[in-house]
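1. below is the sequence, then the predicted model.
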Amino acid sequence: MGNVTDAGTETKRAGFRSKNRPTWCPGCGDFGVLGALDRALTQLGVAPHDVAIVAGIGCSSRFPFFMDTYGFHSAHGRGLAVATGLKAARPNLTVVATGGDGDALAIGGNHFFHTMRRNVDLTYILMDNQIYGMTKGQTAPTSRRGLKTKSTPRGNIEEPVNPAWAALTAGATFVAQGTSFDMNSLAEMLLAGLRHRGMSFVNVLSPCVTFHREADKQYFKDLSSPLPEGHDPTSYPAALRLLDESGDQHPLGIIYQERDGRAPYGDDVDALLDHPTNERAVLEQLLRRYF
Amino acid sequence: MGNVTDAGTETKRAGFRSKNRPTWCPGCGDFGVLGALDRALTQLGVAPHDVAIVAGIGCSSRFPFFMDTYGFHSAHGRGLAVATGLKAARPNLTVVATGGDGDALAIGGNHFFHTMRRNVDLTYILMDNQIYGMTKGQTAPTSRRGLKTKSTPRGNIEEPVNPAWAALTAGATFVAQGTSFDMNSLAEMLLAGLRHRGMSFVNVLSPCVTFHREADKQYFKDLSSPLPEGHDPTSYPAALRLLDESGDQHPLGIIYQERDGRAPYGDDVDALLDHPTNERAVLEQLLRRYF
Amino acid sequence: MEPDRWVHRDPADSAWFDSSAKDATSLRVVVDHHAPSGMGSATFEVSLMDARRSIVIRCEGSAGDGIISLGKVLARAAARAGYHVVTLASFLAEVRGGQSSLQLKIGVGNVLSPGDDPEVLVALNEQGVREVASHVTAAGLVLGPPMNGSTPAMAEGVRVLPIDYDALSTEATGGTRSKNIVAVGVLAALIGLDEEVVRKVVAELFGKRAADAEAANVRACDAGAKAAAASEIGDAFRLPKSDGVGKLLLSGNQAVALGAVAGGVRFYAGYPITPATEIMEEIADLLPRVGGRMLQVEDEIASLGMCIGASYGGVPSMTATSGPGLSLMVELIGLAGISETPLVIVDVQRAGPSTGMPTKDGQADLDLAVYGTHGEVPRVVLAAQTVADCFSQTVAAANLAHEYQVPALLLTSMSLSHSLQTVEVPDLAALKVYQETFYAGPADGEFVRFQPTEDGRPSRRSKPGTPGGIYRTGGLEHNDRGHPSFDPDQRREMVRRRKLRSQALVVASDAAIEPHSLVLGSHRVGVTSWGRAAAIAREVVTELRQEGQDIGYLFPHVVWPLPKATIRRFLASGLRTLVVCEANENQQFANLLRANFATELGRAGIEVVTVNKDDGNPFGPGEIREALRPWLSDGTATTLGEVGPKHPLDSAALPS
Amino acid sequence: MEPDRWVHRDPADSAWFDSSAKDATSLRVVVDHHAPSGMGSATFEVSLMDARRSIVIRCEGSAGDGIISLGKVLARAAARAGYHVVTLASFLAEVRGGQSSLQLKIGVGNVLSPGDDPEVLVALNEQGVREVASHVTAAGLVLGPPMNGSTPAMAEGVRVLPIDYDALSTEATGGTRSKNIVAVGVLAALIGLDEEVVRKVVAELFGKRAADAEAANVRACDAGAKAAAASEIGDAFRLPKSDGVGKLLLSGNQAVALGAVAGGVRFYAGYPITPATEIMEEIADLLPRVGGRMLQVEDEIASLGMCIGASYGGVPSMTATSGPGLSLMVELIGLAGISETPLVIVDVQRAGPSTGMPTKDGQADLDLAVYGTHGEVPRVVLAAQTVADCFSQTVAAANLAHEYQVPALLLTSMSLSHSLQTVEVPDLAALKVYQETFYAGPADGEFVRFQPTEDGRPSRRSKPGTPGGIYRTGGLEHNDRGHPSFDPDQRREMVRRRKLRSQALVVASDAAIEPHSLVLGSHRVGVTSWGRAAAIAREVVTELRQEGQDIGYLFPHVVWPLPKATIRRFLASGLRTLVVCEANENQQFANLLRANFATELGRAGIEVVTVNKDDGNPFGPGEIREALRPWLSDGTATTLGEVGPKHPLDSAALPS
Ligand SMILES: Cc1ncc(C[n+]2csc(CCOP(=O)(O)OP(=O)(O)O)c2C)c(N)n1
Ligand SMILES: Cc1ncc(C[n+]2csc(CCOP(=O)(O)OP(=O)(O)O)c2C)c(N)n1
Ligand code: SF4
Ligand code: SF4
Ligand SMILES: [Mg+2]
Ligand SMILES: [Mg+2]
């Protein structure tokens, strides 16, 4: 990242963008994601103070600072846990989580898995640059097999994780995939994700221009393709088949959206609550149990 | 568990069984798994001192102490990490890992995911009792929705994880499922798993008779069914479809085994190594780089 | 420096008396309703000269005999009748296959330990008599079954009263299953519990099952009472009248859960772990009843992460765990610290390290609680000494967390979490629960999250959802708006901010000293301790003081930051020897004292003597009394000479 | 107690001299080849009266000017010519957008810091001159570009030599890209580096790209040298002859990686984190070349888990991380401890807490390293002071881990990890690498994993695969076979075993004291420190001693357990004041000393004075010199009076 300590650098804010100039390298894919989310939130029509963006650690996780919403930049891999806590405690907030491929799928893999399966009512945007950007270019869980980086000088020996597949098979009820350079489509997907009740996951192919030169815009273009004609995003088996058969190709668009699906985790949690008018009386009664 | 501190209690050892009497409650499903692994290892024909069993924490994770092999009883959720390190460092050992549903899929979920996808040459036996046995009966990631336990007195609000599905979609190259009360079939699966080069995962439905009375033998019988006629375990799409369509039903048998598949992680790691005859000379040379 | 003479409280959590009245034969005891736990109030006289203010009872039986129920029913009845009770189960039984065993101490005031050797043994099987009768104290009582074998040698004056539990149970209920309730009847009659109360407790317990079981068991209880009345024991084991104020009977874990709910916690995320699990289980039931949300999640890291998220959302949050879970949480403790996110973490300590002995007791997580995280953040660490503390210190932890916007850690331990003790019914109206004031919106001026302050107190937070209060924060070093900044001047400012916070917490720690936990005076010997060991030490030292021994003490609840002014006064009160008791090997608390009061200890030439134990069982009062013996006067001299010889239990600090 | 007079070593890592020769004008310096790092040996004379033994050079330029290469080439050339070099980059530049900046100190022996203000400034852009020229020390030199604006006010006697870098570069190479190499030529000529060596280093650097680049850059270098020769500066900045022994030039992270490989580590699992990542990257390349396996894994918990597995398999294992990763590892440190599984954990400290300031320096993870885990396990914590230590202490950590079967933690920090320093070429033949002896099979008798020992040393392990050596172990408390046991007697035995292990490590800690890190004497003032701060303090104290100041010092590498005998001697050597320097706020090392030497400090009445800094930048020698000033004699008196006034930098221990 260009300059991580930019407390002083301000830019004109517009929409949901904060006045802090993003510290990303010029040309970083994450700018496109920022623009797309700005647009999607604007279209959603929610007030900035009713939105919170929660992130882990990584270039992509700096996101909260660049948006004029509430924001929490947590610890590496823990964004989804913090976001879940926030959403569970304050169900009326629109909570967006952001992270990178390492943050989401390496150290944060367990929270990823459980957040997807719980169907928490969040929108999670993963900026997949197939590298650890923030730490200057090591192999990430989404790096292709054979990739030579500083940490795998003899080539990556692992099969890459496919984030959309991981989210879909773990139980997310909305799975979409976009690129940072097609901001229009991305904004649409994000808007649909924000409107979805339950876990919406959006994987974004987003180049790291500084530490992963190979995976540039063209590379991601070659790696992705539009959804096949007639794909039914409401069919889980169809979504499964699509991703399984796509192999390393990344279909772009809304891959899956559960229709009339399960209630999100938040609803389930809320359904258990009593809302006593006289809390003290309830407490007295609870104490009496132990008398 | 009956008595966790049984340093004194010895029983006659036979095969791969250690002389330590298992501390499991009488009737615990894990006895069946112990018997099956004993038989499978015997049939495999490996010497006990060439086997190591690594586990996390839980009733099922006490396994190493009851086998007369090398054993490491690590920390909750960390069995697969320790097992991977051991296997990578000593590729000639037969390394078996054991764990429970909580150990594997709650706290250990991330190691589970990554160990499966790396295709480490291990055999992992998960004793799925749909409960936290060791801590006396809380909801586990495999507990059914709605289950009332001490930790979810108003009913479990989460969709259960299907362990075979989780392993299959994460990338394990051998996925089987058995029950603790059909020891013969289980022993066969374990033997096949032990012979498989790469990650072999065996989910075992194994009742906790003490803290999950509902999920008894009959419950698991009702919950499981033989593989459908003609299922081709070498077809990944078939395996996917089978598990997706089975829903809460647990098919029993070898669900998937990659044929002529990828080399296991261990091989990949080994392929990178030089084996210098004069290590000192190599070191001198490495130092010279910084001169 | 002239030492102070303070009026101090009796170690029973709620009673005051004047220390100058050491030679009085009776005391006016005032149950204090200003206590932070908001307990009720009552005044009564107790005679220090009473032969008996408490009784120690051991219950023994086979695994199926219902020993735990026996203890619970007896304890509950005593509690409701206004007595103080402390129980201890399981530790005694661990290595004695098949035998179940529980000890209770019941008394008026001053009950802090389950006692050492029992005065009364009630054994439902012969094994219990064979193994325990020889431990019964002189002039004690053995209530065993009719024996086939011979009874073992016993202390002087121990009487044996054979009771045919099986027969009495069968007679009353048609089966032997209620023999434990027969024993309840016997014991209740012996110590003089109100019959109606006892019957009611028995009835309630069994009434839940079926009316006929209820009636049968009440009959069994009565049969026991009759057998006791028919015996020749008389009043020897009768307790004096209690204060008559019914008490709650709780385990430490239940008390923590209740404390959390009463203390305003409305979000909880957790993961099971022995011996903390019941906190989560209890909370799972309690919290939703007051609109609070409880989640069982994938691990302890997620637990704390979710609490941070919920607290950022403005909802008071808590998690509970044991050592292994606390270890996993230390990264995020730093995150809570730097982002000034209040939350409560309860650590029910068990014997470590690593998985260690999950069902056994220990106090070796203090270092982790105080030092656990990379880098430096302010935090507060509290420790419960009693089950009553488990309630009140959970409230205190929530208060401190929110008042100072820091992580507050509360340490309890296995021996508290799973033993039942009486707790005065908290006066919820009097309970002080800190209410955080949030930024209210644009009318409230411009919002600056980390407003500089000179007094170390935090600045207001803004709840997400509040217009005009938008801010971002997290784990990076930042400026007053929460925006990342690595500027050295800004950094120094924030380091100083955190330091001032810690200093403010020192003041809070001093303010939290409750009178009953401190005795100053011109004592040559002072005793200090923390957690469960402190309760036992408190009981012992109080007894020793009543025996005329010249001992000061300090048993703080806030163990980090240390109460500086209090400890300085304590150390300057004339001490030559400071005895530090704790259930670990490495002297964690003693080392905190040494590190933070090196100058004071050095200047006054105070010798630090450490009493440690780490075998998985909690301290008994006898062990601490024994450890203190070398520093006691022989009863004739009123002051000791020079510092006494080093005691064998003084294990030199490790590794230095 | 009569203080000792010890012969001690010069602070340069490898040179000895006699402390009694304080007034000598020349010293015979012996490079010691018994040093644990197995360095080479040489003997030479140095004159203490030389006007110059070292030089501090600051390089400045715009981000694209190749300032880092400039520094690297110059440092490499000086190293190969036998000089000692310390560089420091990036810290200076952080808050000055777009400017790149690097400082070097080059000298004969005794180079431990990058210096404070530069004697020579080489600036490739005007901004560099404008901002830094005023900091150049008196009689210094500014080598700036031809200026358009005016030069700022400068110290007395500073000469300005304008050099048209762009023109010289263009002349030599056809473009301005090589202006940094022109500067190398200028500087090398000024300080008198062998031209051939410099040319060779330049050629090597560019030879990797293309032969014509190589030739062009050598020409640029020559042009710079010629410009210097043509100037009137003469010999003023010329260094004395070096020892002539070429040295390695390494970053701290490279040195750790090399130390691991040389120290026998053959398994590594890791996860990237600033500023430790390069250790993993370096190891990824190095380890497979000697048959070792390296894995990049999903997180730090997995890293340590895998190391535990590999070490259980008998393969020496290591991982490296920074604070956040260490926090995540503390649960498994306990597992390694109780199962007596040796392994090495390197923590490259950065400014915390939480994410903190990942690219900035700090020393605030000591508490976590010493205390981090629930419960109590023996462990050893080492700290590197220099890049040479990064090599030698990694070897030492691996040795201690395996000799004592404990987790060994090595602390370095950002300022070491990313700065280049010279390291004597290690003599691999002389390097001591502990070889663990394993159980060999049935012929070796019955295998008992945790054989009781009285000396605190561990018993043999059995490698999985060994017939007859089967055993199981893990995180539970266990008996001598590794089988779970919660029996109190067994527990006490194992607690004692771990305590004895810690005590054995105290002895090892004393044995690890290297002569150059200790000066005893009847000094009223002693200085102690650890890690990078210790190197700076060592340089300062050595200079002060050469100026006739009466100061003792102790800079241990093993910081836990503390070297008890050594510290006792140090404290009993007549000290009245102990100054403790460390780059944190909470006085972590000072508190370890207070906790473990409370008696000694108290008895001798020693005042502990702390010098702390936590702004993200490492200590400079000037800061430490300034902090020591109140305790220095005025140069006429040979001893000080009573303890001096408290220095403003003495921040009272927090929170006490
Ligand atoms: C516990 C912990 N481990 C490691 C790190 C170092 N770290 C910071 S960001 C990062 C990975 C960044 O990669 P990714 O998540 O893909 O985000 P990107 O920068 O590529 O957007 C790592 C390893 C950390 N901050 N904390
Ligand atoms: C870090 C940590 N957290 C929690 C625990 C407590 N714990 C021990 S076993 C267990 C779960 C047991 O369930 P499972 O893995 O399904 O095994 P089972 O006992 O059912 O075979 C838990 C939560 C622990 N030992 N360590
Ligand atoms: S992801 Fe890459 S391009 Fe983007 S800011 Fe980070 S380092 Fe720069
Ligand atoms: S899993 Fe259940 S039945 Fe089996 S040992 Fe554990 S508690 Fe007993
Ligand atoms: Mg990335
Ligand atoms: Mg289970």
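-> Everything's here; your move. Ligands and ions are numbered 1, 2, ... in the order given.

2. count of residues packed around the residue of the stretch 301-450 of chain C found nearest ligand 3?
-> Relative to ligand 3, the nearest point of the stretch 301-450 of chain C is C:Leu335 (21.7 Å; CB to the nearest ligand atom). The way it works is simple: take the backbone N, C-alpha and C, and place the C-beta from them, glycine included. A total of 29 residues lie near C:Leu335 under the criterion other CB atoms under 10 Å in any protein chain shown.

3. now C:Arg629
-> C:Arg629 has 10 neighbouring residues, counting by other CB under 10 Å.

4. measure it to C:Val541 for me?
-> Using CB to CB, to the nearest Å, C:Arg629 is found at 13 Å from C:Val541.

5. now do A:Ile131
-> Applying CB to CB to A:Ile131 and C:Val541 gives a distance of 63 Å.

6. same question for C:Gly616.
-> 24 Å.

7. cool, A:Val51 as well?
-> Distance from A:Val51 to C:Val541, counting by CB to CB: 57 Å.

8. how about the strands of the stretch 101-250 of chain A, start to end?
-> A:123-128, A:174-179, A:200-205, A:224-226, A:250-257 (DSSP state E, counting those that start in this stretch).

9. dump the ones you listed into a markdown table; add mean neighbour count as well.
-> Formatted as a markdown table, the strands of the stretch 101-250 of chain A follow (neighbours: other CB atoms under 10 Å in any protein chain shown):
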| stretch | mean neighbour count |
| --- | --- |
| strand A:123-128 | 30 |
| strand A:174-179 | 28 |
| strand A:200-205 | 29 |
| strand A:224-226 | 14 |
| strand A:250-257 | 22 |
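
10. how about the residues of chain A by ligand 1?
-> Within chain A, the positions adjacent to ligand 1 are A:57-60, A:76, A:100-103, A:107, A:127, A:129, A:131-135, A:140, A:208 by CB under 6 Å from any ligand atom.

11. swap the cut-off to 8 Å and go again
-> A:1, A:30, A:56-61, A:75-77, A:99-104, A:106-107, A:127-129, A:131-135, A:138, A:140, A:142, A:206, A:208 (CB under 8 Å from any ligand atom).

12. near ligand 4, list only the ones from those.
-> Near ligand 4, by the rule CB under 8 Å from any ligand atom, you find none of the residues of chain A next to ligand 1.

13. could you list which of those belong to helices?
-> Within those, residues falling in helices by DSSP state H are A:Asp30, A:Asp101, A:Gly102.

14. re earlier: ok, the residue of the stretch 301-450 of chain C closest to ligand 3 - contacts?
-> A:Ser74, A:Ala75, A:Arg78, C:Ile308, C:Thr341, C:Gly474, C:Gly475, D:Ser354, D:Thr355 (CB atoms under 8 Å, 6 or more residues apart in numbering or on different chains).

15. could you check which helix or strand contains it?
-> Assigning secondary structure by DSSP states H and E places C:Leu335 in helix C:323-338.

16. the closest residue to C:Gln421 other than its chain neighbours: neighbouring residues, count only.
-> The shortest distance from C:Gln421 to any non-neighbouring residue, by CB to CB, 6 or more residues apart in numbering or on different chains, is to C:Val387 (3.6 Å). By the criterion of other CB under 10 Å, C:Val387 has 30 neighbours.

17. before we move on, what about the one 4 residues further on?
-> By other CB under 10 Å, the residues close to C:Phe391 number 31.

18. for C:Gln490, same thing?
-> Residues within reach of C:Gln490, counting by other CB under 10 Å, total 21.

19. three-state assignment of it?
-> helix (DSSP: H, G, I helix; E, B strand; the rest coil).

20. that one and ligand 5, how far apart?
-> 28 Å (CB to the ion, to the nearest Å).

21. surely that residue is in contact with C:Glu477?
-> Yes. Counting by CB atoms under 8 Å, C:Glu477 is a contact partner of C:Gln490 at 7.5 Å.

22. in the stretch 251-400 of chain C, what residue lies closest to ligand 4?
-> Closest point on the stretch 251-400 of chain C to ligand 4, by CB to the nearest ligand atom, is C:Thr274, at 12.3 Å.

23. now that residue: closest residue in space that isn't a chain neighbour?
-> C:Pro358 (4.4 Å).

24. surely the one you found and C:Ala276 touch.
-> No. C:Pro358 lies out of contact with C:Ala276 (CB under 8 Å); the separation is 10.3 Å.

25. list residues touching both of the two?
-> Common neighbours of C:Pro358 and C:Ala276 (CB under 8 Å, 6+ apart) are C:Ser322.

26. comparing those two, which shows the higher neighbour count?
-> C:Ala276 (30 against 23).

27. give me every residue that touches that one.
-> C:Asn253, C:Ala320, C:Thr321, C:Ser322, C:Gly325, C:Val346, C:Asp347, C:Val348, C:Ser417.

28. what is the nearest of these to ligand 2?
-> C:Gly325 (4.9 Å).

29. distance of the closest one from chain A?
-> 14 Å (CB to the nearest CB, to the nearest Å).

30. can you check C:Ser251 too?
-> In terms of CB to the nearest CB, C:Ser251 sits 9 Å off from chain A.

31. that residue against C:His418, yeah?
-> Yes. If you go by CB under 8 Å, C:Ser251 and C:His418 touch, sitting 6.0 Å apart.

32. would you mind listing what in the stretch 51-200 of chain A touches chain C?
-> A:52, A:54-55, A:57, A:64-65, A:68-75, A:78, A:81-90, A:92-93, A:110-111, A:113-114 (CB under 8 Å from any CB of the partner chain).
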